[in-house]
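Q: structure, please.
(one chain, ligands or ions: 2)
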Amino acid sequence: MNTLADFSGLTQAPSLPGPHAGYMPGFGNDFETEALPGALPQGMNSPQKCNYGLYGEQLSGTAFTAPGHQNERTWCYRIRPSVKHSHRYARLDVPHWKTAPHVVDDVTSLGQYRWNPVPHSDQPLTWITGMRTMTTAGDVNTQVGMASHIYLVTQSMKDAYFFSADSEMLVVPQEGRLRFCTELGILDIAPGEIAILPRGLLYRVEVTEGPCRGFVCENYGQKFELPGRGPIGANCMANRRDFKAPVAAFEDRDVPSVVTIKWCGQFHETQIAQSPLDVVAWHGNYTPVKYDLSTYCPVGAVLFDHPDPSIFTVLTAPSGQPGTANIDFVLFRERWMVAENTFRPPWYHKNIMSELMGNIYGQYDAKPKGFVPGGISLHNMMLPHGPDKNAFEGASSADLQAVKLDNTMSFMFETRFPQHLTAFAGREAPLQDDYIDCWESLEKKFDGTPGTK
Ligand SMILES: O=C(O)Cc1cc(O)ccc1O
Ligand SMILES: [Fe+2]
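A: Ligands and ions are numbered 1, 2, ... in the order given. Have a look, this model is predicted:
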């Protein structure tokens, strides 16, 4: 049996060697995994007595009656039921982690905004205290919308655990390495990878290489899923096999511990006497996953024109209105530009959806300067934007050979809802006051005569 005892104290289920060590491939698969042989009941979920004296417990990620293709739940076989993990909640203040609806009166969200990377702090910060909300959208109480955050983490959670009842969390690291020790197993993530932590799943976050900075999309709504590929067919974009779910891993530690719960925007904590990471075996399709963004296979224009950025959708969280996502997670990565007679960067546009972008590494083609790794931009609902002056001039007179866009990885959290800036985003974070000047020098080229200028 594999163990990770030297690192995290968790006993881990055996798994395939090589790239799959510790993980099982697939998105939305029905997995089964056990860290002790025979711990998982076969052919049924609720035997009168479970092996090893374990308790059976279901974690429902969708309504019991959700349609079959959307229905997600996982059966856990654990040392103690979760209800032993949660009593006498005490309200906790987490001042920088905000939840929609959260509209700050004297902060203006209407605008084109860009921030430099939020600097690391000299305070020790955990996954909870290091979360800095930039924008919120929608309403957590009706389970619509999202929040975007920057995390700055330097300190591992010690005998401390967290879960969000409000949201599924999409984590996009930009610096440092994190380990998510979850009820269902361990996810290690580094820049260039993402993780999805489902609503209600409990975990502890450890720093394996710090300091850590990254982006989080907190999804209050329906879960992220893979977009339908339509005529593209059964392959390319994000492929299901490239998502990795963890194998079961548990710890049997009787130590005083704290569980923090985010619930309708409020934080509460409760004291327990043991590690709650005590799921010895599980089966089901409601799981955390990680995904290596370098396996994303972009499909684009191979003759002319610049398609809508939806071609680069990695994951989409539906809103209930077909084609109009609560959130799309879109990736602008390395790719060849080959379009003939075409202005190749993004066109100028106004969008009913609001676009929050982050740079993971490299240079973004519409903004060769100023949008730096770790930086963020926000082009809110219906507010015009597009290439800056340099990008426009370069691209409109470039020799249109096949060009490889190399060393580039930016992403967009695009939501159908307007995004509201927090006071942190408007006042504390390193806002670039001169951002809109990047379009200022775009000059009038029209002189009434036909012909290209
Ligand atoms: O605004 C942006 O930079 C994101 C974006 C990229 C693109 O290729 C087309 C539209 C779009 O909003
Ligand atoms: Fe845009």
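
Q: going forward, measure contacts and count neighbours with C-alpha atoms only.
A: Noted.

Q: residue in this protein with the shortest distance to ligand 1?
A: When CA to the nearest ligand atom is the measure, the chain has its nearest residue to ligand 1 at Pro346, with 4.0 Å between them.

Q: which stretches of this structure have low pLDDT?
A: Counting by pLDDT under 70, the low-confidence segments of the chain come to 1-8, 16-19, 85-87.

Q: can you say which helix or strand has the residue nearest the centre of it in it?
A: When the chain is reduced to its mean C-alpha position, the nearest residue by CA atoms, centre = their mean turns out to be Leu170, at 1.8 Å. With the criterion set as DSSP states H and E, the secondary-structure element containing Leu170 is strand 168-182.

Q: wait, a helix at Pro345?
A: No - for Pro345, which was evaluated using DSSP: H, G, I helix; E, B strand; the rest coil, the result is coil, with no helix membership.

Q: how much space separates the nearest residue in space to it that is not next to it in sequence from Gly9?
A: Among residues not flanking Pro345 along the chain, Ala366 sits closest, at 5.7 Å (CA to CA, 6 or more residues apart in numbering). Spatial separation of Ala366 from Gly9 under the definition CA to CA, to the nearest Å is 46 Å.

Q: who has more neighbours, the two?
A: When neighbours are counted by other CA atoms under 10 Å, Ala366 and Gly9 differ, and Ala366 comes out ahead with 21 against 14.

Q: what does the more buried one show for phi and psi?
A: Here is the backbone geometry of Ala366 (degrees, to the nearest 10): phi -80, psi -20.

Q: distance of it from Lys445?
A: 20 Å.

Q: please apply the same query to Thr422.
A: Computed as CA to CA, the Thr422 to Lys445 distance reads 39 Å.

Q: and the two? Which one has more around it.
A: Set side by side, Thr422 and Lys445 show more neighbours around Thr422, with 26 against 8, by other CA under 10 Å.

Q: quick one, what contacts that one?
A: With contacts defined as CA atoms under 8 Å, 6 or more residues apart in numbering, Thr422 is in contact with Lys98, His102, Val103, Val104, Val107, Thr133, Met134, Thr135, Thr136.

Q: what number of residues lie near the fifth one?
A: Okay, so that is Val107. The number of residues packed around Val107, counting by other CA under 10 Å, is 15.

Q: which parts of this protein sit against ligand 1?
A: Residues of the chain lying near ligand 1 by CA under 6 Å from any ligand atom: Asp308, Pro309, Pro346, Gly386.

Q: same thing but at 8 Å, please
A: 306-309, 332, 345-349, 351, 355, 357, 366-367, 379, 385-387, 412 (CA under 8 Å from any ligand atom).

Q: which of those residues count as buried?
A: When neighbours are counted using 16 or more other CA atoms under 10 Å, the residues of the chain next to ligand 1 contain these buried positions: 306, 332, 345-347, 355, 357, 366-367, 379, 385-387, 412.

Q: so which of these belong to strands?
A: Phe332, Glu355, Met357, His379, Met412 (DSSP state E).

Q: closest one to Pro67 out of the residues you listed, please.
A: Met412 (29.3 Å; CA to CA).

Q: need the contact list for the closest one.
A: Counting by CA under 8 Å, 6+ apart, Met412 has contacts Asp328, Phe329, Val330, Leu331, Glu355, Leu356, Met357, Gly358.

Q: among those residues, which one has the most neighbours?
A: Counting neighbours by other CA under 10 Å, Gly358 leads those with 29 neighbours.

Q: can you pull the contacts of that residue?
A: With contact set as CA under 8 Å, 6+ apart, Gly358 has these partners: Phe215, Pro373, Gly374, Gly375, Ile376, Ser377, Ser410, Phe411, Met412.

Q: quick check: it vs Ala429, distance?
A: As for Gly358, its distance to Ala429 is 14 Å (criterion: CA to CA).

Q: Pro309 contacts Val330, correct?
A: Yes - with contact taken as CA atoms under 8 Å, Pro309 and Val330 are classed as touching, separated by 7.4 Å.

Q: if we can go back for a sec, tabulate the contacts of Gly358 (JSON lines), appending secondary structure and distance to Phe250.
A: What follows is those, written out as JSON lines (DSSP: H, G, I helix; E, B strand; the rest coil; distance: CA to CA, whole Å):
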{"residue": "Phe215", "secondary structure": "strand", "distance to Phe250": "28"}
{"residue": "Pro373", "secondary structure": "coil", "distance to Phe250": "36"}
{"residue": "Gly374", "secondary structure": "coil", "distance to Phe250": "34"}
{"residue": "Gly375", "secondary structure": "coil", "distance to Phe250": "37"}
{"residue": "Ile376", "secondary structure": "strand", "distance to Phe250": "37"}
{"residue": "Ser377", "secondary structure": "strand", "distance to Phe250": "40"}
{"residue": "Ser410", "secondary structure": "strand", "distance to Phe250": "35"}
{"residue": "Phe411", "secondary structure": "strand", "distance to Phe250": "34"}
{"residue": "Met412", "secondary structure": "strand", "distance to Phe250": "35"}
